[in-house]
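Asker: Provided below for reference: sequence and predicted model.
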Amino acid sequence: MIKVKARGNESLEQMLRRFKKMCEKEGLTKEIKRTAYYEKPSERRRRRIRKSVKRVDRPMGR
């Protein structure tokens, strides 16, 4: 669970900005976007295969 505490004279907008940044770091926004709509099992499988192929094709070292 992500918690944001006010720092000194921090405004609500600044706190919201920090919260959004923390969510982005945790990968929450990506997960929410992914689960926003139904994904067929075959599409999910294809996405996972593409992701693993990208990982394998990536050059080692630099």
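Answerer: Looks like it arrived, so ask away.
Asker: Tell me the pLDDT of the residue nearest in space to the middle of the chain.
Answerer: Against the mean C-alpha coordinate of the chain, by Cα atoms, centre = their mean, the closest residue is residue 27 at 2.4 Å. Note for residue 27: predicted pLDDT of 88.
Asker: Identify each buried residue in the helix or strand encompassing residue 33, please.
Answerer: Here residue 33 sits within helix 28-34, counting by DSSP states H and E. For helix 28-34, burial by neighbour count (16 or more other Cβ atoms under 10 Å) applies to no residue. Yep, even glycine has a C-beta here, placed from its N, CA and C like the rest.
Asker: Residues contacting that helix, please?
Answerer: 2, 20, 23 (Cβ atoms under 8 Å, 6 or more residues apart in numbering).
Asker: what do you get for stretch 41-59?
Answerer: residue 39.
Asker: Compute the number of surrounding residues for the nearest residue to residue 6 once chain neighbours are set aside.
Answerer: Among residues not flanking residue 6 along the chain, residue 15 sits closest, at 6.1 Å (Cβ to Cβ, 6 or more residues apart in numbering). Using other Cβ atoms under 10 Å, residue 15 has 14 neighbouring residues.
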